[in-house]
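Q: Need coordinates for the following:
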Amino acid sequence: MADLYRRIKQAGELWRIEHTEIKIISKRPRKGETETKIPIPSPVDVAENLNKLCHFTFIGRGGISDSSPVYTFDWDSGVYTHSRDLLWRLCRAFDGRLKSPHYKEVEMQLRTMIKMKRPLEDRNLIPVNNGIFNLKDKTFRPHAPQFIITSKIKTSYNPEAEKPILGGWFDFDEWLEGIAVGDKDVVTLLWQIMNEAINPNYTRGKIVLLLGDGNNGKGTYQDLLKNLIGQENVAALRPDQFEGHKPEMLLGKVCNIGDDISNKYLDEVSDLMSIATGDTVMINPKHEKPVELTTKPLCLFSANALPNSRNKSQGWYRRLCIVPFNADFNGQKERPEIKQVFLKDRELLEWVLFKILNMENFKKFIEPEVTKTTLEEYKSDNDYILGFVKNRYIPNGWDGLTHVPIAFLKRELSEYAQDEGISNPQLYGAGKRVVAVLNKETEGRYEIKSGRVAFGDEKILDPFGFFQKDLAGARKGISKIR
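A: Numbers count the residues shown, from 1 in each chain. Purely as a prediction, here's the structure:
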């Protein structure tokens with residue numbers, strides 16, 4: 001920015017020379033003397049001169065600029081910033097006599113001169129600390145005003161980067177394999193997650209959940225991502241905060257990392273799902289009109305236990321990428337230098353970035369078996385009816401019976417739900433929901449209809465004879481039709 005400030009000061013000096021007024025005094029006692037007057041430039045003059053020397057723009061995807069601040073290209077950082085302090089310093093460089101009211105007027109004048117530009121959206125262009133890396137042709141170029149970016153990765157691209165062995169013993173690949181418990185597919189997935197985390201312009205439609213309690217490397221892996229990207233470029237929203245005005249915090253961020261989220265029930269996840277797939281959502285900034293938000297940061301969370309969600313659709317499950325951290329480093333020698341020193345090492349981070357940028361292109365995250373298994377377990381935990389069918393109805397052999405009364409079903413379902421910690425389960429329509437699960441999970445076909453429990457089946461349903469009245473006579477229930 002030093003060169004820009006120099007040119008602005010020169011422009012200000014030239015303006016003052018051109019607008020200097022020399023007058024001859026006509027009144028006594030100084031009659032005949034000359035007086036020099038250098039006027040303070042008007043906000044329009046300052047704005048016009050700055051606009052010739054600086055790169056200003058609105059940034060957005062619509063044509064209306066009312067809600068966009070004035071962005072200025074910062075040559076030192078290589079990104080556009082809406083810092084008013086920077087704009088004020090540019091005004092002061094032009095003329096040091098300007099006061100704060102002038103600065104605001106200059107900004108208002110600039111708003112009438114500049115145009116809206118779309119942010120960089122090319123998925124192949126990755127803004128790193130020292131320039132722009134092209135994933136498609138593997139070329140690298142320095143930052144420039146034509147790249148409309150407001151953030152960048154903190155780590156620099158180094159084409160000569162090599163893997164260091166830190167402290168004489170720390171090998172990054174061995175460490176990553178250790179937290180993956182030797183599962184090569186999990187190692188691949190962890191690299192793929194790093195690949196997406198650094199790219200704010202591309203999403204594979206997944207919400208990443210790092211799962212595991214204890215001393216397992218989960219938090220250390222998160223710290224690696226934050227060190228690689230830069231803490232200032234990472235939002236920290238939890239899953240229950242993707243509504244109202246809080247998603248505004250995602251603006252200008254490369255990714256979102258919600259650390260140690262609770263297992264608090266998620267009542268609403270629609271905006272989180274939309275952001276995960278890059279769809280537009282409405283946000284409500286405080287004291288402002290609702291505005292549209294379109295952003296594609298990787299949304300990553302870590303948890304000791306996964307929160308249940310009101311949404312039990314396949315769309316929700318399809319978006320989840322659950323990565324179990326099954327390593328157990330308890331009892332092993334503490335190595336605080338891994339987290340505190342090694343994963344902050346510039347040479348190591350540059351090598352990790354080099355590897356990520358030069359990975360083969362992939363359209364979808366790999367799905368290790370342990371990830372698939374954990375997702376199926378979560379489905380059962382999240383949907384107590386699905387869990388009931390899988391863990392009680394089918395194991396007890398009820399799926400083979402010709403008729404199971406609804407009254408009996410609801411009592412069993414209520415007991416199961418309470419055992420799972422659900423104090424007030426919604427049992428309305430439970431029969432239809434159980435039928436839907438049975439038709440999907442088994443080879444039989446079921447429907448709701450009136451019928452009788454077949455002779456002998458009451459002993460399978462109620463072996464101790466406690467609830468025979470619920471089984472007697474013709475009752476509406478789940479009937480197996482084939």
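Q: helices and strands of the protein: which one bottoms out on pLDDT?
A: Of all helical and strand segments in the chain, the minimum by mean pLDDT, DSSP states H and E falls on strand 291-293, at a mean of 76.
Q: what comes up buried for that one?
A: Neighbour counts over strand 291-293 (16 or more other Cβ atoms under 10 Å) mark 291, 293 as buried. Bear in mind the C-beta positions are built from the backbone N, C-alpha and C, glycine included.
Q: For the closest residue to Gly131 other than its chain neighbours, give me its contacts.
A: In space, Gly131 comes closest to Pro142 once its chain neighbours are excluded; the distance is 4.6 Å by Cβ to Cβ, 6 or more residues apart in numbering. Listed by Cβ atoms under 8 Å, 6 or more residues apart in numbering, the contact set of Pro142 reads 78, 130-132.
Q: In a markdown table, list the residues you listed along with neighbour count, pLDDT and distance to Met108.
A: Formatted as a markdown table, the contacts of Pro142 follow (neighbours: other Cβ atoms under 10 Å; pLDDT from 0 to 100; distance: Cβ to Cβ, whole Å):
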| residue | neighbour count | pLDDT | distance to Met108 |
| --- | --- | --- | --- |
| Gly78 | 20 | 95 | 27 |
| Asn130 | 16 | 96 | 35 |
| Gly131 | 17 | 97 | 34 |
| Ile132 | 23 | 97 | 32 |
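Q: Sort out which one of these lies nearest Asp328 for me.
A: Nearest to Asp328 out of those is Asn130 (Cβ to Cβ; 39.4 Å).
Q: from memory the closest one sits against Lys154, does it?
A: No: using Cβ atoms under 8 Å, Asn130 is not in contact with Lys154, being 10.5 Å away.
Q: Between these two, which contacts overlap?
A: If you check Asn130 and Lys154 against Cβ under 8 Å, 6+ apart, no residue is contacted by both.
Q: what mean pLDDT would you report for the helix or strand following the least confident helix or strand of the chain?
A: Counting by DSSP states H and E, the next helix or strand C-terminal to strand 291-293 is strand 298-303. Across strand 298-303, pLDDT averages out at 95.
Q: partners of strand 298-303 in the sheet?
A: Using DSSP bridges, the strands paired with strand 298-303 are strand 207-211 (parallel), strand 255-261 (parallel).
Q: Give me the buried positions along the longest one.
A: Neighbour-count burial for strand 255-261 flags 255-259, 261 (criterion: 16+ other Cβ under 10 Å).
Q: Dump those residues into CSV; add distance to Glu350 and pLDDT as well.
A: Listed next are the buried residues of strand 255-261 as CSV, based on distance: Cβ to Cβ, whole Å; pLDDT from 0 to 100:
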residue, distance to Glu350, pLDDT
Cys255, 19, 93
Asn256, 24, 96
Ile257, 21, 96
Gly258, 27, 94
Asp259, 25, 91
Ile261, 31, 91
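Q: For those residues, which two are the farthest from each other?
A: Cys255 and Ile261 (15.4 Å).
Q: in the stretch 101-250 of the chain, which spans are strands?
A: 116-117, 125-128, 131-134, 140-141, 207-211, 234-235 (DSSP state E, counting those that start in this stretch).
Q: Mind checking these for the one nearest to Asp271?
A: Nearest to Asp271, of the strands of the stretch 101-250 of the chain and by Cβ to Cβ, is strand 207-211 at 11.8 Å.
Q: Contacts made by the closest one with the rest, please.
A: With contact meaning Cβ under 8 Å, 6+ apart, strand 207-211 is reached by 193, 218, 221-222, 239, 272-273, 276, 298-306, 319-325, 374.
Q: same question, stretch 13-25
A: 31-39, 41, 45, 49, 94-95.
Q: Give the rounded mean pLDDT of that stretch.
A: For stretch 13-25, the mean per-residue pLDDT is 89.
Q: list the buried ones in it?
A: Those would be 15-16, for stretch 13-25 by 16+ other Cβ under 10 Å.
Q: what does stretch 104-120 give?
A: Going by 16+ other Cβ under 10 Å, stretch 104-120 has these buried residues: 105-107, 109-111, 114, 119-120.
Q: Sketch out the helices for the stretch 251-400 of the chain, chain order is fine.
A: Remark: helices assigned in the stretch 251-400 of the chain by DSSP state H, counting those that start in this stretch are 270-276, 314-319, 336-340, 346-357, 369-382, 384-388.
Q: I'd like those as CSV, with distance to Ala235 appended.
A: As requested, these are arranged in CSV below (distance: least, Cβ to Cβ, whole Å):
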stretch, distance to Ala235
helix 270-276, 11
helix 314-319, 18
helix 336-340, 21
helix 346-357, 20
helix 369-382, 24
helix 384-388, 32
